[in-house]
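Peer 1: Below are the sequence and a predicted model; questions follow.
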Amino acid sequence: MTKKVKVGNRSIDEAALLAGLANVKEKIESWATQNELWHDSGFVTPFVYHDEAPRVGEPVLLVSEGPIARVLYGGDGACGEYQTAFESMLEELGYWYEPENHYSFVLHPIEDRLAEDLLSLHRWQWLQGLAERKMFELHSEVFEYFAKHPEDLQRIGWRQFEELLDAIFRNQGFYTELGTGRNDGGVDLRLYQDRAIPEVVSLVQAKRYRNPIKLDAVAALLGIAAEERAANAIFATTSRFQPKARKFSLSVEQRFDLPNVELADSFKIGEWCAEVGQHLNNYFSKGLAAPPVIMEQTGPDAGSIVVAHGGWDCLMNYFAKVEADFPHEAILRPIGHEIVSGDGQAGTEVPSESARVTWTQEARLLGFKKERGSIWADRKFFEKWDGKPQPFHGD
């Protein structure tokens with residue numbers, strides 16, 4: 001009997017899903033190998049390959065610079081025969097395919113339920129990957145996930161739970177000091193109103209527990225806050241609080257001589273996540289919100305112009321401005337271009353912040369820094385613009 005795993009509000013059989021994907025890949029590779037089509041080909045997981053949040057209907061990607069790529073694009077003669085055979089086999093497996101470009105092809109399930117289960121699994125895997133890289137702060141999908149599924153806070157590690165809280169408070173505008181995680185004297189986070197002002201606004205204790213939090217734990221945090229002369233304390237947990245603990249917290253609120261102790265269970269933390277996720281989504285996708293507060297501390301490349309090149313049977317330039325520069329990530333604001341030589345079919349162009357952006361509808365892009373200073377965003381490699389007009393041409 002297989003064990004099902006709860007991912008969000010879905011109960012999925014992770015082992016069966018992975019085995020099913022492995023079977024599909026094995027059948028395709030075997031067929032292509034028998035027909036001598038598998039040269040320079042392989043499978044990758046799209047969200048890993050593109051280093052971006054998983055998209056709907058993209059559980060596996062076939063990447064090929066060999067003959068199977070020509071087959072999947074179609075053609076006369078043997079290519080057409082192979083394409084028909086491939087499509088028949090793929091349909092029997094319950095999948096279909098769509099070209100992503102001239103060398104990669106998305107394989108997606110025909111059945112909606114399977115597609116949704118695979119998406120749920122991959123979203124959780126993506127979130128775990130961000131946690132391992134300590135990259136919670138700027139990813140709206142992280143906060144949106146826990147806003148919808150606060151019960152899954154229990155599934156991340158205790159240190160990752162502390163780091164998530166740190167990311168929440170930083171997005172709320174606090175300057176934070178995250179403890180070492182061990183021997184911290186009962187305080188996991190210290191919140192300050194401003195980096196330049198050393199006065200503590202609130203002390204935070206984080207407990208990734210399953211059992212309800214008792215009165216004595218809340219009282220102990222109150223004692224620590226009083227000793228450190230902090231006006232506020234927050235007890236944040238993936239669990240819930242016993243009635244006596246909540247009653248105690250309410251009674252403390254009436255005392256002007258004692259610090260306030262706010263109790264935040266998984267549902268309250270989910271509400272915080274919803275607010276942060278909405279703000280980040282408005283900023284990145286719609287351009288409607290103010291920049292995240294954490295952008296106040298950015299690196300030396302902020303303000304520089306970057307450019308990516310692409311196109312199929314053409315050459316296009318994609319310009320953007322670095323709005324924020326972090327150790328491992330960068331926020332890019334797409335900008336337009338101005339033609340300085342040639343015509344609309346071929347010539348050279350330069351970036352223009354006043355020109356209309358035609359290559360994306362996103363207001364901002366979150367990119368990962370790669371080797372030699374490049375930035376990977378929107379499935380493009382951006383590099384610092386050298387100040388020279390960039391060539392372009394159409395079909």
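Peer 2: Everything's here; your move. Quick caveat, the model's predicted, so the values are computed rather than measured. Residues are numbered from 1 along each chain as shown.

Peer 1: what about the helices in the stretch 251-395 of the chain?
Peer 2: 266-281 (DSSP state H, counting those that start in this stretch).

Peer 1: any weak-confidence spans in it?
Peer 2: Low-confidence segments of the stretch 251-395 of the chain (pLDDT under 70): 296-297.

Peer 1: So in the chain, which strand runs the longest?
Peer 2: In the chain, with assignment by DSSP state E, the single longest strand is strand 329-342.

Peer 1: other SSEs contacting it?
Peer 2: strand 316-325, strand 346-352, strand 365-369, strand 375-377 (3 or more C-beta pairs under 8 Å, 6 or more residues apart in numbering; DSSP states H and E). C-betas here are computed from N, CA, C, even on glycine.

Peer 1: For the longest one, which strands pair with it and how are they oriented?
Peer 2: Here strand 316-325 is paired, per DSSP bridges, with strand 305-310 (antiparallel), strand 329-342 (antiparallel).

Peer 1: Same check on the third one?
Peer 2: For strand 365-369, the paired strands and their directions (DSSP bridges) read strand 329-342 (antiparallel), strand 375-377 (antiparallel).

Peer 1: does residue 141 count as helix, strand or coil?
Peer 2: helix (DSSP: H, G, I helix; E, B strand; the rest coil).

Peer 1: And the pLDDT for it?
Peer 2: Residue 141 carries a pLDDT value of 92.

Peer 1: Give me the nearest residue to it, chain neighbours excluded.
Peer 2: Nearest-residue entry for residue 141: residue 53, 4.8 Å, with adjacent residues in sequence omitted and distances by C-beta to C-beta, 6 or more residues apart in numbering.

Peer 1: what does residue 195 give?
Peer 2: Residue 195's closest residue in space is residue 175 (C-beta to C-beta, 6+ apart), at 4.4 Å.

Peer 1: so what's the one you found bridging to?
Peer 2: Applying DSSP bridges to residue 175, the residues it is bridged with are residue 192.

Peer 1: Just give me the neighbour total for it.
Peer 2: 20 (other C-beta atoms under 10 Å).

Peer 1: circling back: could the strands paired with strand 365-369 go into TSV alongside distance to residue 48 and mean neighbour count?
Peer 2: Output for the strands paired with strand 365-369, formatted as TSV (distance: least, C-beta to C-beta, whole Å; neighbours: other C-beta atoms under 10 Å):
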stretch	distance to residue 48	mean neighbour count
strand 329-342	17	18
strand 375-377	13	24
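
Peer 1: Can you lay out these as CSV showing distance to residue 242?
Peer 2: Putting the strands paired with strand 365-369 into CSV (distance: least, C-beta to C-beta, whole Å) gives the following:
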stretch, distance to residue 242
strand 329-342, 40
strand 375-377, 47
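
Peer 1: what sits against residue 219?
Peer 2: By C-beta atoms under 8 Å, 6 or more residues apart in numbering, residue 219 lies in contact with residue 248.

Peer 1: Centre of the chain to whatever helix or strand it lives in, how far?
Peer 2: Element membership for residue 219 (DSSP states H and E) is helix 215-227. Chain-centre distance of helix 215-227: 36 Å, with C-alpha atoms, centre = their mean, to the nearest Å.

Peer 1: mean confidence score for that helix?
Peer 2: So the average pLDDT for helix 215-227 ends up being 95.

Peer 1: sorry, back to before: quick one: closest of the helices and strands packed on strand 329-342 to residue 133.
Peer 2: strand 365-369 (9.2 Å; C-beta to C-beta).

Peer 1: Which residues does that closest one contact?
Peer 2: Strand 365-369 is contacted from outside by 51, 138-139, 284, 320, 327-334, 375-378, 382, using C-beta under 8 Å, 6+ apart.

Peer 1: how about that strand as PDB, C-alpha atoms only?
Peer 2: Extracted C-alpha coordinates of strand 365-369, given in PDB (Å, rounded to 0.1, in the frame of the first residue of the first chain):
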ATOM      1  CA  LEU A 365      11.400  40.600 -12.900                       C
ATOM      2  CA  LEU A 366      13.200  38.700 -10.100                       C
ATOM      3  CA  GLY A 367      16.400  37.200 -11.400                       C
ATOM      4  CA  PHE A 368      19.000  34.800 -10.100                       C
ATOM      5  CA  LYS A 369      22.700  35.800 -10.400                       C
END
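
Peer 1: Okay, buried residues for stretch 61-69 please.
Peer 2: Within stretch 61-69, the residues scored as buried using 16 or more other C-beta atoms under 10 Å are 61, 62, 63, 64, 66, 67, 68, 69.

Peer 1: Could you check how many residues crowd around the spatially closest residue to the third one that is not a sequence neighbour?
Peer 2: By that I understand residue 63. Excluding the flanking residues, the one nearest residue 63 by C-beta to C-beta, 6+ apart is residue 104, at 4.8 Å. By other C-beta under 10 Å, the residues close to residue 104 number 18.

Peer 1: circling back: could you provide the helices and strands packed on strand 329-342 in CSV, with additional columns for distance to residue 14?
Peer 2: Below are those laid out as CSV (distance: least, C-beta to C-beta, whole Å):
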stretch, distance to residue 14
strand 316-325, 36
strand 346-352, 45
strand 365-369, 26
strand 375-377, 28
